[in-house]
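Enquirer: Just the structure for this:
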Amino acid sequence: MKTVLVLGATSPTAQAFIQLLQTDYPDTAIKLFVRNPAKLPADQRTAFPIFTGDANTATDLIPALDNVTHVYTAVGGTGTGNSVSALLSAIQTTQASIEHIVDISAGGIYGEYQSGLRPYLSAVRFMYPGYTKEQLRKPDLYAASGIAYTIFRPGLIQNGPETQLITHLPDYRKIGPAEFDINRSTFARAAANALFQDQYHNQSLSVSNGAPL
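Expert: Down below sits the predicted model:
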């Protein structure tokens, strides 16, 4: 049986992914890791194993990794530090057999989103240089671990109409404001395809919208 550990499970992006797992992957076991369980929907607090802690602390993550096969991390925010190092350290300590990690990372760290200060996006490089440096290290950290990974760097994940999802490698720097918005359900499906079908193998990808679905 596949068991997915969802880090940062209270975020709206992670919530859309959890709902997709429940409907499209009912045979998949789900574990949730959060800082504050009270922010989870009431039904999830009883439906899934909940682990509480700091995703930047490896020892907090260790108990959650038992029998986990896949990891989805939506840990974000400019004050979150380097949660990737903590996760990989915990995996190494537990010798967990992780098949794939999907990491929802920061859009704009390569200057790919053509925007000003609002929304932040590419301005994050100048406003939070330390945070940007940590985000840029992620591909190297994952590659060194030997675990298959996909890093998504979306623009604005929202509840608008569904569109095609277009991915770009880091050298693509021309995503305009009209291409920023990505529907949460569309994005959740792309994450599931990466996690379970090994799509976007070992890639760091910015994401833009395409034609309406």
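
Enquirer: so what pLDDT did the nearest residue to residue 30 once chain neighbours are set aside get?
Expert: Distances taken as C-beta to C-beta, 6 or more residues apart in numbering place residue 48 nearest to residue 30, at 5.0 Å, with adjacent residues excluded. Just so you know, the C-beta spots here come from the backbone N, C-alpha and C atoms, and that holds for glycine as well. pLDDT, residue 48: 98.

Enquirer: Residue 48 - how many residues pack around it?
Expert: 18 (other C-beta atoms under 10 Å).

Enquirer: Report the buried residues of the longest strand seen in the chain.
Expert: As assigned by DSSP state E, the longest strand anywhere in the chain is strand 203-212. Using 16 or more other C-beta atoms under 10 Å as the burial criterion, the residues of strand 203-212 that qualify are 204-209.

Enquirer: hey, C-alpha coordinates of it in CSV?
Expert: The C-alpha trace of strand 203-212 is given here as CSV (Å, rounded to 0.1, in the frame of the first residue of the first chain):
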residue,chain,number,x,y,z
GLN,A,203,13.0,18.3,-12.2
SER,A,204,12.4,21.8,-10.8
LEU,A,205,9.6,23.3,-12.7
SER,A,206,7.8,26.7,-12.8
VAL,A,207,4.2,26.4,-13.7
SER,A,208,1.9,28.6,-15.9
ASN,A,209,-1.6,28.2,-17.1
GLY,A,210,-2.7,27.3,-20.6
ALA,A,211,-6.0,26.8,-22.5
PRO,A,212,-9.2,26.4,-20.5
